[in-house]
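Peer 1: Next comes the sequence, and after it the predicted model I'd like to discuss.
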Protein chains: 4
Amino acid sequence: MIKVGIVGGTGYTGVELLRLLATHPEVQLTAITSRKENGLPVADMYPSLRGRVALAFSAPETARLTECDVVFFATPHGVAMAQARALLDAGVKVIDLAADFRLQDSAQFEKWYGMPHSCPGLLTEAAYGLPELNRAAIKRARIVGNPGCYPTTMQLGFAPLLKAGVVDPAHLIADCKSGVSGAGRKAEIGFLFAEASDNFKAYGISGHRHTPETVEQLQRMTTEKIGLLFSPHLVPMIRGMHSTLYARLTRAIDNQTLQALFEDAYRDEPFVDVMPFGSHPETRSTRGSNMLRLALHRPDDGDMVVVLVVQDNLVKGASGQAVQCMNLMFDLAETTGLLHVPILP
Amino acid sequence: MIKVGIVGGTGYTGVELLRLLATHPEVQLTAITSRKENGLPVADMYPSLRGRVALAFSAPETARLTECDVVFFATPHGVAMAQARALLDAGVKVIDLAADFRLQDSAQFEKWYGMPHSCPGLLTEAAYGLPELNRAAIKRARIVGNPGCYPTTMQLGFAPLLKAGVVDPAHLIADCKSGVSGAGRKAEIGFLFAEASDNFKAYGISGHRHTPETVEQLQRMTTEKIGLLFSPHLVPMIRGMHSTLYARLTRAIDNQTLQALFEDAYRDEPFVDVMPFGSHPETRSTRGSNMLRLALHRPDDGDMVVVLVVQDNLVKGASGQAVQCMNLMFDLAETTGLLHVPILP
Amino acid sequence: MIKVGIVGGTGYTGVELLRLLATHPEVQLTAITSRKENGLPVADMYPSLRGRVALAFSAPETARLTECDVVFFATPHGVAMAQARALLDAGVKVIDLAADFRLQDSAQFEKWYGMPHSCPGLLTEAAYGLPELNRAAIKRARIVGNPGCYPTTMQLGFAPLLKAGVVDPAHLIADCKSGVSGAGRKAEIGFLFAEASDNFKAYGISGHRHTPETVEQLQRMTTEKIGLLFSPHLVPMIRGMHSTLYARLTRAIDNQTLQALFEDAYRDEPFVDVMPFGSHPETRSTRGSNMLRLALHRPDDGDMVVVLVVQDNLVKGASGQAVQCMNLMFDLAETTGLLHVPILP
Amino acid sequence: MIKVGIVGGTGYTGVELLRLLATHPEVQLTAITSRKENGLPVADMYPSLRGRVALAFSAPETARLTECDVVFFATPHGVAMAQARALLDAGVKVIDLAADFRLQDSAQFEKWYGMPHSCPGLLTEAAYGLPELNRAAIKRARIVGNPGCYPTTMQLGFAPLLKAGVVDPAHLIADCKSGVSGAGRKAEIGFLFAEASDNFKAYGISGHRHTPETVEQLQRMTTEKIGLLFSPHLVPMIRGMHSTLYARLTRAIDNQTLQALFEDAYRDEPFVDVMPFGSHPETRSTRGSNMLRLALHRPDDGDMVVVLVVQDNLVKGASGQAVQCMNLMFDLAETTGLLHVPILP
């Protein structure tokens, strides 16, 4: 059994990790830390876990995380990088669900997250935790930076097009829509039910942290310079993410060939579902599961290809993907503990 | 492996059965019928099942249900009673999720469902499928009438009080609230998003089919005459049911004793969670799971006891309970395939 | 034109007052205070008011509220009682939307609101602002305590029954459901979209501040002692309140006579709609308007009468009712500025 | 007073017309037709109108529409064109909220709506009812084709850019999101609460009727050929529409100049609000009102301009715009009866 610790388990990615790990057959939940909730049984904060998770939150000092085999950080940006070195030195693997190990360029990190990176050396070592595009590196990694939710959809949606060199990399557009849980479990006015319900809006149109992360990864797929316009929007739903991706074709290519690019790329991927050409995937078809689904469109048979991508932002977009990485890092079958059937309706 | 057939799997209880059975370790999904959708792969109607359920709908004639070990009816009222006899004769067990085998009094059935009962003999034989109150009968049954969603909450909430004889059975009130999926997957104006969202209303206050079913079962717990006022309401949420039960105490009894009545009754029940006295259970703490949670209140330490009961109406209130019954009927551990952790948020 | 000031206009009752008063033909919006938002144009906080409300928030010190004809307090409990005396002395009328002038018994106020009442003398003078039951007093009042949202529905629903002496006053039950805006515009975890959406729960079952307020008013309608069990619940909708009221009949009375009690009581009331016997009013039928609708039921023709009451909690349950009171205090037609047609869908 | 008839008032644009016209000071509601609901008081179908609209539905034959001054068609496509000629001949003006008079090219109409146009002559005469772009023609029109909801946002968002010739007209992208009421009051599975809630999806990506309508109108603003990629999405909210428009700049232009293009274009428009550069308008800031709000963005100061546009799809996107046209056709102040303050929260 893999002994698992979680640092900062009071937020949504934390409770989602608990949901997934509570039924993972190879995991023993060993420690979960929260300075503020020290001593509180996890199930008192999250009654959904009553009878299923017996752990209580403990203070970071006393959590004995070094006895774990792996520690997940479900914390604000900046926490993991302060603690990762000591854990690695103790032989503990680290998976960070925040942004500390996503950007390999520490200057970009400082620009977008407003703090210096305290262990740039580990950045080089860290693997970017998107299994479908970086599996080998994750398998041998001691430390993984779990991707952002939006970047997961953008990379998996654009990758086959960029790798095949059939679209203009300089003018990619990603119009993305996220459920409110993506904002985390923070007491802010804008995310109140009475504010966010029966409402729709864009945010961060002029700049968002997920742009540099995505560009850095997409750039690995082409020698031409990536230009990405990323527009996030807030949808009045709890979970779910829908990215509508636009790329201009630079070559004559028929729709079957386009479709084949995606089917070939993801044929053996257990968590990527390429739907029939012209489908309209719904976010709910992934609710509670680690599946990402996508479908291609070619409006008016013109020079634009549209890729529709959906996932559950808290699973494939966060905690499920982190568990998928853990499975790889410990040589388990990649789907272990992750075969939940989506909840619909 | 238990070979399972489903008659009428296009509705919400049908797709929920598929979700639960697709990961049940002792089940082999063998047939699913729908005359209208004959030939359509189930996953084409419900993309959430892509890659997880390979079955296609077949016409009832060709479905070879008699080769199954058990057949679930997720059909409108009246269908199961027409087919049950033939299946039983072929040695197939039957679990009906509709009302055909809930009411043991066929006159009541005819009054509330507007049709004669075509096999009143089987009514006598059928077990009422509420395991916590009727486990022994279910274990030995060939045919089970799965309880209504509201009745499940009312019975489990009132039972310890009635059995202990501490409340007035003649003036019970159940003010119940259900998510919209309880209405089924029917194209009716009143259940459109633009009608049911951001709205709350009562319905059926003057009379509802779940009253006679509940009264019939509650009557088994006391020799005094049951009087029940049941008020259903529609909540703008997909899943979830919350019943607020009111009973007048007829004896001096302290709160610890009240609480003990419930804890004793449900101590060994894997799917009933008695929360601390004075708690306020939330429906979402059961979302997607077979758990029912309840908590007691004694406002102003007066003569009224209030029981708050929550469940997922499609799981413990329907398909999960049906699978729980199946487990009992086939001598499996009662929790087999039913230990989903609720999805929260 | 009536010069109107608003103290504390940043919350939901504040912005709703602004919506109503912006189109009130006899009102000149003169001042709105917020220490925290001093200088900010109201329309910058609430873009819905762009082009319609030109005021900016000002600090309380500089707001020149004494130049107003009436000041509304849309503040937390305890603010109005600290400022009311000075305003009254300056000839300004006061309408408090919080609880400072609702409870006439200052001991009850201290018990439930956890602070001493700083001007108990004004309590005696203040009129309870429920026009349908207290119109004459409001008309001549200098100071009005605007009712709570739940108490408005309970009083208007129980009043005809209690006044006619046909029900048992000692065992009233009110099972009430409110939209989330009733919790105000406060950054609390429990009211986040991802917490409150697709969920239903009770709260405050063991005791709620609206109970003593309601009991105090209901007690004026009967010489027998009022006993009220009040159960509030949180509904995943923005606006709207639905109260399901239960009372036991103590006399033989037919349904027509029951219905006539209500029709006679409210025949001339512009904001109370007695629907046909057996109707199920929906909250959305009042959305955005000052209407309260109700309907009677008599399940099984038994000894219980059920009254279903709906309103928009922010209008008839708060700001609309306050404007209705203002109209009375300034001898305007009671409906002035309040004839919005509900928004449906 | 203008005598108004409504053909087909049972849907959402119909009830919204009734809401707006019930308080319009220059309108007398004279007739409303529905063959199916003949004789039913409108307020029985829509309790929100109780006490405010006294009309009953009447059969088309008996409705005496020719005695009206204007008739609104809130009907499925194809109804207005069958009846318009007779009404015009009787001196009655006609405003069609469906598509019969939107497309001036009857071949396009036949292609997209699957039926021949029965009065192509009237197409030429009909004015396209978008006042901000076509006011003079509407003022003198006898017959108006009210724009689609999406086209309203696309035209008002792209117009200043196209007219100024600063963007590439051949590669416009409109990623649009609509509340569910846009689908109308039709009993279809896909729009049930349990299907559409907590979900997000695209639809019609490969082709949608609003594309040719929009292209036809945009083409009037430039001599270059318009190319428009329009992607509609369904948002789990009742009302509201958000269009995210992308255009590539073809000239060096600074942000102030861009902003000035819009402010100059809409300075005198009562129903178009140009928000500060870089704002993120929310749909709810227009809920229940005839306002359309928009804001500009220039991500990374690059060559793409993004226009965010919001409106209430049932008001400015349908019935409010129709009333605005009526006001123009009858020489009333354009804002008459349309100055509702948006409902927020």
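Peer 2: Looks like it arrived, so ask away.
Peer 1: okay, now the spatially closest residue to A:D168 that is not a sequence neighbour: neighbour count?
Peer 2: In space, A:D168 comes closest to A:R248 once its chain neighbours are excluded; the distance is 4.6 Å by Cβ to Cβ, 6 or more residues apart in numbering or on different chains. Backbone N, C-alpha and C define where each C-beta goes, glycine included. Other residues lying near A:R248 total 17 when counted by other Cβ atoms under 10 Å in any protein chain shown.
Peer 1: cool, A:V27 as well?
Peer 2: Using other Cβ under 10 Å, A:V27 is surrounded by 23 other residues.
Peer 1: For it, give me phi and psi.
Peer 2: phi -120, psi 140 (degrees, to the nearest 10).
Peer 1: Now do the same contact list for it.
Peer 2: Applying Cβ atoms under 8 Å, 6 or more residues apart in numbering or on different chains, we find A:V27 in contact with A:M1, A:I2, A:V4, A:L21, A:G337.
Peer 1: for A:K316, same thing?
Peer 2: Per Cβ under 8 Å, 6+ apart, neighbours of A:K316: A:T152, A:F271, A:T286, A:S289, A:N290, A:M291, A:L292.
Peer 1: hmm, back to that, could you point out the helix or strand that follows the particular helix or strand that has the residue nearest to A:D168 in it?
Peer 2: Secondary structure from DSSP states H and E places A:R248 in strand A:241-248. Following strand A:241-248 in sequence order, the next helix or strand is helix A:255-266 (DSSP H and E).
Peer 1: got a list of contacts for that next one?
Peer 2: A:132, A:156, A:159-161, A:163-164, A:166, A:272-274, A:277, A:294, A:296, A:298, A:301, A:305.
Peer 1: What are the boundaries of the helices in the stretch 51-200 of chain A?
Peer 2: All helices of the stretch 51-200 of chain A, identified by DSSP state H, counting those that start in this stretch, fall at A:79-89, A:106-113, A:120-125, A:131-139, A:149-164, A:193-196.
Peer 1: Below-threshold pLDDT in chain A: ranges please.
Peer 2: Counting by pLDDT under 70, chain A shows no low-confidence range.
Peer 1: returning to that earlier point: columns secondary structure and neighbour count on top of the contacts of A:K316, output as JSON lines?
Peer 2: Formatted as JSON lines, the contacts of A:K316 follow (DSSP: H, G, I helix; E, B strand; the rest coil; neighbours: other Cβ atoms under 10 Å in any protein chain shown):
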{"residue": "A:T152", "secondary structure": "helix", "neighbour count": "28"}
{"residue": "A:F271", "secondary structure": "coil", "neighbour count": "25"}
{"residue": "A:T286", "secondary structure": "helix", "neighbour count": "30"}
{"residue": "A:S289", "secondary structure": "coil", "neighbour count": "23"}
{"residue": "A:N290", "secondary structure": "coil", "neighbour count": "25"}
{"residue": "A:M291", "secondary structure": "coil", "neighbour count": "29"}
{"residue": "A:L292", "secondary structure": "strand", "neighbour count": "29"}
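Peer 1: any idea which of the residues you listed is the one closest to B:V215?
Peer 2: A:S289 (40.6 Å; Cβ to Cβ).
Peer 1: Tell me the spacing between the closest one and chain C.
Peer 2: Distance of A:S289 to chain C, computed by Cβ to the nearest Cβ, to the nearest Å: 17 Å.
Peer 1: what's the answer for A:R185, then?
Peer 2: To chain C, A:R185 is 6 Å away according to Cβ to the nearest Cβ.
Peer 1: The nearest residue to that residue once chain neighbours are set aside: what's it in contact with?
Peer 2: Leaving aside its sequence neighbours, A:R185 sits nearest to A:G11 (Cβ to Cβ, 6+ apart; 4.6 Å). Residues near A:G11 by Cβ under 8 Å, 6+ apart: A:A74, A:G184, A:R185.
Peer 1: buried subset of those residues?
Peer 2: A:A74, A:R185 (16 or more other Cβ atoms under 10 Å in any protein chain shown).
Peer 1: Might you report the residue contacts of A:M1?
Peer 2: Contacts of A:M1 were listed using Cβ under 8 Å, 6+ apart, and they are A:E26, A:V27, A:Q28.
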